[in-house]
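> give me a 3D structure for the following:
(chains A and B)
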Protein chains: 2
Amino acid sequence: MTDWIAVDWGTSQLRVWGMTGTGTVTFRKTSEAGMNGLPQDGFEPALIDLVGDDMPMAETPVIVCGMAGSRQAWAEADYAAVPCVAPGLDRATAVQTQDKRLSVHILPGVKQASPADVMRGEETQISGFLTLNPKFAGIICLPGTHTKWVHISAGEIVSFRTFMTGELFALLSDRSVLRHTVSGDGWDWDAFTDAVSTAMSNTSDLAARLFSIRAEGILNDLDAKTARARLSGLLIGSELAAARPYWLGQHVALIGDDALCKAYADALGAQGLPVERTDADRMTLEGLKAAYAGLKATTS
Amino acid sequence: MTDWIAVDWGTSQLRVWGMTGTGTVTFRKTSEAGMNGLPQDGFEPALIDLVGDDMPMAETPVIVCGMAGSRQAWAEADYAAVPCVAPGLDRATAVQTQDKRLSVHILPGVKQASPADVMRGEETQISGFLTLNPKFAGIICLPGTHTKWVHISAGEIVSFRTFMTGELFALLSDRSVLRHTVSGDGWDWDAFTDAVSTAMSNTSDLAARLFSIRAEGILNDLDAKTARARLSGLLIGSELAAARPYWLGQHVALIGDDALCKAYADALGAQGLPVERTDADRMTLEGLKAAYAGLKATTS
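This is a model prediction of the structure:
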């Protein structure tokens, strides 16, 4: 029986889990109803639509993390300032809904004043990871559209830095002059690791090395999978060079998409750094469960 | 009376000039029929359409520079390899046309084997600049979608390097998460020059500084014109750091769009480097006239 609903509402995806009070999953569903495509009054119907017949008849807590809490989304949720633990339900935003079966709480994000930075959703994955690894101290890297490097100490998020690496890769491979040269889904691991090293040893000429991919396509018929891997390697290598103060000599855990985490693990491995890979979905759900435990603690 | 037609066929624009044999302009016209939107059989009609009633009745030389010569465009033109002078009509591609009034020659581009690089169109502007400044030795910088830094010695293009800076700015300001933060056309010169210095002194963390623009928009309501100028300054500053071997202690001439050249001139000026700004349209036309002079020399 479903006692509450866990929701991860990202920019381009909505994921829900039906949960029992003891943490068993009763259903899991995913849709493309991400935050980006929804007007403010579209969130509640999108959620009800996705849960469908699995919606309990009684009033049900719905605990939400991610971009649904950003300004101009469902309802603006707060940001906790670093250093802090991942903020819980005591700072969540309660949303008034039409459907009285829903008792919606949107979890806060985390912010940093200098360098200015924000996260929404990753703090919940971090909370899940720390629930499973309560003594962890070191660095959590969350590769994605906006990759985060997060310094964890004594169970707190101490500082973090976001890199637009994933979004740059998407823009360059889908919409720039390079799209002709990097088309397809192929991959070339040697080209990737070479490009990571190149970018790490000379970080300034990224914009020129990018154009060289196009020029090699024209002049030397550079293979598309080599070009694609090189583009990724140049971008990730630049990021690793800048993030060196985070990872050098540290214990690093990766949370994110499998293929992308493999790329980061290989790139960091080539620097002699062992990394720990985790199941991102599980971290999200554990984080939402930790928040729900806070609700039970309050109401019991 | 129009003796020949000069054509600059770029990615997004088509520009034509009617010319007398002695170099007087009889008409000038511009359309949005750039290379990007045209199928191979669309080039001739687009040219005839733009020239319109000004098309001479007799067979007329049409001298073309730019992207019309790229593969999959009108007809593929060659590349001359550096070191070289800007290649002339002897290496141009003659295009067979339906309309027998047209005698079309597409000028070659210039290529470099290592680092792999190409240009199409800029070599003609360089040729025009060197026609007007035959003793010039130093660096020509051509800011644009794909900014070129070109080393000139003894009238030849010795080497060059292309940076995707302009395209990155367009992608980030129009299509990335930053679009909300940098909207509008405003500008903030102090923010621009600060960002140039920042990026020049630390070139590695560009992807993180970019996301900080978004975070400052969310956390501190960063002004859109400040955000926009900072984005531009970070990208141009990164480029200047990488291009330092080109410009340091050199004589630099800028050829390009006025506003963009002002940004480059200010950024280089802040490094203590005086630069020479030129009229880009005039350089293009002088380059095409120099090519036409080659045709006259051959046929007379």
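
> now the helix or strand containing residue A:166: buried residues?
Using DSSP states H and E, residue A:166 sits in helix A:165-175. By neighbour count on 16 or more other C-beta atoms under 10 Å in any protein chain shown, the buried set for helix A:165-175 is A:165, A:166, A:167, A:168, A:169, A:171, A:172, A:173. Yep, even glycine has a C-beta here, placed from its N, CA and C like the rest.

> domains in chain A, by residue range?
Residue ranges for the domains of chain A, per automatic domain parsing: A:4-120, A:162-277.

> would you turn the ones you listed into TSV with distance to residue B:26?
Converted to TSV, the domains of chain A look like this (distance: least, C-beta to C-beta, whole Å):
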stretch	distance to residue B:26
domain A:4-120	52
domain A:162-277	35
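
> of these, which stretch is the most buried?
Neighbour counts (mean count of other C-beta atoms under 10 Å in any protein chain shown) averaged over each of those peak at domain A:162-277, with a mean of 20.

> how far off centre is that domain?
18 Å (C-alpha atoms, centre = their mean, to the nearest Å).

> in the stretch 1-150 of chain A, what residue is nearest chain B?
In the stretch 1-150 of chain A, the residue that lies nearest chain B is residue A:116 (4.0 Å; C-beta to the nearest C-beta).

> touching, that residue and residue B:215? I think so.
Yes - assessed by C-beta atoms under 8 Å, residue A:116 is found in contact with residue B:215 at 4.0 Å.

> returning to what we had before: tell me which other helices or strands the helix holding residue A:166 touches.
Helix A:165-175 is packed against helix A:224-242, helix B:165-175, with contacts defined by 3 or more C-beta pairs under 8 Å, 6 or more residues apart in numbering or on different chains; DSSP states H and E.

> that older thread, which residues are in contact with each of residue A:116 and residue B:215?
Counting by C-beta atoms under 8 Å, 6 or more residues apart in numbering or on different chains, no residue touches both residue A:116 and residue B:215.

> all strands for the stretch 201-300 of chain A, in order.
A:252-254, A:275-277 (DSSP state E, counting those that start in this stretch).

> pairing partners for residue A:150 in the sheet, please.
residue A:140, residue A:160 (DSSP bridges).

> pLDDT score assigned to it?
pLDDT for residue A:150: 98.

> burial of it, as a residue count?
Residues near residue A:150, counting by other C-beta atoms under 10 Å in any protein chain shown, number 26.

> wait, it sits on residue A:138?
No - using C-beta under 8 Å, residue A:150 makes no contact with residue A:138, being 9.7 Å away.

> and the closest residue to residue A:281 other than its chain neighbours, which of the three is it?
Once flanking residues are discounted, residue A:281 sits nearest to residue A:15: 8.0 Å by C-beta to C-beta, 6 or more residues apart in numbering or on different chains. At residue A:15 the chain is in strand, as set by DSSP: H, G, I helix; E, B strand; the rest coil.

> what's near enough to touch residue A:15?
A:7, A:8, A:9, A:28, A:29, A:30, A:281, A:284.

> of these, which belong to strands?
Under the assignment DSSP state E, these contribute A:7, A:8, A:9, A:28, A:29, A:30 to strands.

> ok, and which of those reach chain B?
Among the ones in strands among the contacts of residue A:15, no residue sits close to chain B (C-beta under 8 Å from any C-beta of the partner chain).

> adding pLDDT, write the residues you listed out as JSON lines.
What follows is the ones in strands among the contacts of residue A:15, written out as JSON lines (pLDDT from 0 to 100):
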{"residue": "A:7", "pLDDT": "98"}
{"residue": "A:8", "pLDDT": "98"}
{"residue": "A:9", "pLDDT": "97"}
{"residue": "A:28", "pLDDT": "97"}
{"residue": "A:29", "pLDDT": "98"}
{"residue": "A:30", "pLDDT": "97"}
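
> can you redo the residues you listed as JSON lines with distance to residue B:56?
What follows is the ones in strands among the contacts of residue A:15, written out as JSON lines (distance: C-beta to C-beta, whole Å):
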{"residue": "A:7", "distance to residue B:56": "70"}
{"residue": "A:8", "distance to residue B:56": "67"}
{"residue": "A:9", "distance to residue B:56": "65"}
{"residue": "A:28", "distance to residue B:56": "72"}
{"residue": "A:29", "distance to residue B:56": "69"}
{"residue": "A:30", "distance to residue B:56": "65"}
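
> among those residues, which pair sits farthest apart?
Spatial extent of the ones in strands among the contacts of residue A:15 (C-beta to C-beta) is set by the pair A:9 and A:28 at 14.4 Å.

> what does the stretch 1-150 of chain A have sitting close to chain B?
A:71, A:79, A:111, A:112, A:113, A:115, A:116, A:117, A:118, A:146.

> of the residues you listed, closest to residue B:225?
For the residues of the stretch 1-150 of chain A next to chain B, the nearest to residue B:225 is residue A:116 (17.5 Å; C-beta to C-beta).

> most distant residue from the centre of chain A?
What lies farthest from the middle of chain A is residue A:219; by C-alpha atoms, centre = their mean that is 37.9 Å.

> check what pLDDT that one gets.
Residue A:219 is assigned 97 on the pLDDT scale.

> that one and residue A:212, how far apart?
Going from residue A:219 to residue A:212 by C-beta to C-beta, to the nearest Å gives 10 Å.

> which neighbours do these two share?
Shared contacts of residue A:219 and residue A:212 (C-beta under 8 Å, 6+ apart): residue B:116.

> what segments of the stretch 101-250 of chain A are helices?
Remark: helices assigned in the stretch 101-250 of chain A by DSSP state H, counting those that start in this stretch are A:122-132, A:165-175, A:189-201, A:206-220, A:224-242, A:244-247.
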